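K.L.:
test case, fold it:
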Amino acid sequence: MNKKRLLIIGGIAVLGFTGYSFFSNSKSESTLLLSKVEKGKFENIIVSSGELKSMNSKEIKAPVALTKHRIREIKIKNLIPEGTIIKKGDFVATLDPTEIFELILDARLNLESAQSKYTQQQLDTTLNLKQERTAIKDLEFSIQTTKLELKQSIYEPPATIRKLEINLEKSERDLKEKRENYVIKQRQAKAKMIEVGTEVSKFQNKLDELLSLKESLTVYSESPGMIIYDKDWNGNKKVSGSSISVWDLTLATIPDLSQMESKTYANEVDVRKIKKGMSVKIGFDAFPELEIEGEVTDVANVAETKRGSDVKLFPITIKLKTTNDNIRPGMTTSNGILTFEKDEVLSIPLEAIFTKDTVSFVYMKDGFSKKKQQVILGESNDNKVIVEKGLSEKDEVYLNEPEGMEEKKINRIE
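P.N.:
Below you'll find the model as predicted:
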């Protein structure tokens, strides 16, 4: 009886241990993730956000004459809504004329002062020349009188006659000098009148220019198309109430919607993979169902640092091969740049790759056991990597490290 009881207890213990081992191993296996080695097309696509722009745009600008009159900036009083379709000659914007009015007032005061000086100079010149002409006539009468006295003095003593002759010579000399001086004074008066007249013309021209500038503060379109707001140096759109600098007089643009491009940026790692001519699939946040083929046309050699950030990014320009009536400049784009493509290659998830002493390996399922297998890797993308040697199609690899495999040797590729 005791012998039979011991056998029963021993059997129960063996079954318990076997069950524990079974469930323990099952639990361990259930925490491991497997992935099959896949064969097919492998692509590396760099995705970046960008902004849609027109390749060719006509600019609508504030009057260039603002720079001539030293107006550093001017406010946009009214600007038509962005996206408005306009025809040639349609109203676009009005600019604040306050500063122009002040300049016009100053110009009018200066013109009135110059005109007053001109009138005063004209009167002074008339009076002075009249006095000179009167003096010349007086000398002419004096000479005629002296000649008459000399003619009547033939019976006078020689001394008297000689005195009259001397007076006549002196008067004739004075008359000649007076006439020469009159010519010089005429030229002086003319030069002075030109000087004050020039001042009048200068202020008159300035007033005319300011009045013309005031009229040009109402801006009209010179071409038909769609209005797109311009941006200032800070990246903010110029809208009603914004101030524009004379260094950048552009108010808005009229883009050519038949030729569009996407402007995006790449970091220092990705930019090395991007080359001119690479294919791009361009998506649009506003139209998720729309996708347009594109091509990289420019990769900048110099990075830019965006305002408010220390991250250096390289501008990338992508030309759209076709266009669509729904897309507009300024829309946000998603740019998938195809940097690498190869058919019929083996690939596995990046999570399956482990490294020891510069040797890359995977934990591979080998029947009911596991082994460490060295792999030779190729190109990779954000999710997968090409396996050039070490694995075959449909082999299974673990995505996490199995327990108890740390000390096992790596099966090397010969």
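K.L.:
report the contact partners of the residue most central in space within the chain.
P.N.:
The chain has residue 233 as the residue nearest its centroid, 6.6 Å off, counting by Cα atoms, centre = their mean. By Cβ atoms under 8 Å, 6 or more residues apart in numbering, residue 233 lies in contact with residue 248. Using the backbone N, CA and C atoms, a C-beta is placed for each residue, glycine as well.
K.L.:
from residue 325, how far off is it?
P.N.:
32 Å (Cβ to Cβ, to the nearest Å).
K.L.:
how about the secondary structure of the residue nearest to the centre of the chain?
P.N.:
coil (DSSP: H, G, I helix; E, B strand; the rest coil).
K.L.:
surely residue 52 is within a helix?
P.N.:
No. Under three-state DSSP, residue 52 falls outside any helix and is assigned strand.
K.L.:
okay, and the beta partners of it?
P.N.:
Residue 52 has these beta-bridge partners by DSSP bridges: residue 262.
K.L.:
can you get me a residue count around it?
P.N.:
21 (other Cβ atoms under 10 Å).
K.L.:
same deal with the one 10 residues further on?
P.N.:
As a burial measure, the neighbour count of residue 62 was computed by other Cβ under 10 Å and equals 23.
K.L.:
check residue 256 too.
P.N.:
15.
K.L.:
tell me the confidence at the nearest residue in space to it that is not next to it in sequence?
P.N.:
Excluding the flanking residues, the one nearest residue 256 by Cβ to Cβ, 6 or more residues apart in numbering is residue 56, at 4.2 Å. Looking at residue 56, its pLDDT reads 89.
K.L.:
ok, now how distant is residue 56 from residue 264?
P.N.:
Here the criterion is Cβ to Cβ. By it, residue 56 lies 19 Å from residue 264.
K.L.:
so the two - more neighbours on which side?
P.N.:
Per other Cβ under 10 Å, whichever of residue 56 and residue 264 has more neighbours is residue 264, with 25 against 13.
K.L.:
so for the helix or strand the more buried one falls within, what gets flagged as buried?
P.N.:
Assigned by DSSP states H and E, residue 264 belongs to strand 260-266. Buried residues in strand 260-266, counted by 16 or more other Cβ atoms under 10 Å: 260-262, 264-266.
K.L.:
how about that strand as PDB, C-alpha atoms only?
P.N.:
Provided in PDB are the C-alpha atoms of strand 260-266 (Å, rounded to 0.1, in the frame of the first residue of the first chain):
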ATOM      1  CA  MET A 260       4.100  75.000 -60.200                       C
ATOM      2  CA  GLU A 261       6.800  73.800 -57.800                       C
ATOM      3  CA  SER A 262       7.000  72.600 -54.200                       C
ATOM      4  CA  LYS A 263       9.600  74.200 -51.900                       C
ATOM      5  CA  THR A 264      10.700  71.800 -49.100                       C
ATOM      6  CA  TYR A 265      13.600  71.300 -46.800                       C
ATOM      7  CA  ALA A 266      15.900  68.300 -45.900                       C
END
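K.L.:
relative to the helix or strand following it, what are the paired strands and their orientations?
P.N.:
Downstream of strand 260-266, the first helix or strand assigned by DSSP H and E is strand 279-284. According to DSSP bridges, strand 279-284 forms sheet pairs with strand 287-299 (antiparallel), strand 332-349 (antiparallel).
K.L.:
list of residues touching strand 279-284?
P.N.:
Surrounding strand 279-284, the residues in contact under the criterion Cβ under 8 Å, 6+ apart are 45, 52, 262, 290-296, 318, 320, 327, 331-338.
K.L.:
return a PyMOL selection command for the buried portion of those.
P.N.:
Buried residues among the contacts of strand 279-284 (16+ other Cβ under 10 Å), as a PyMOL selection:
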select buried, resi 45+52+262+292+294+295+296+318+320+327+331+333+334+335+336+337
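K.L.:
ends of stretch 147-164, how far apart?
P.N.:
8 Å (Cα to Cα, to the nearest Å).
K.L.:
mind listing what's buried in it?
P.N.:
For stretch 147-164, burial by neighbour count (16+ other Cβ under 10 Å) applies to 149-150, 153, 164.
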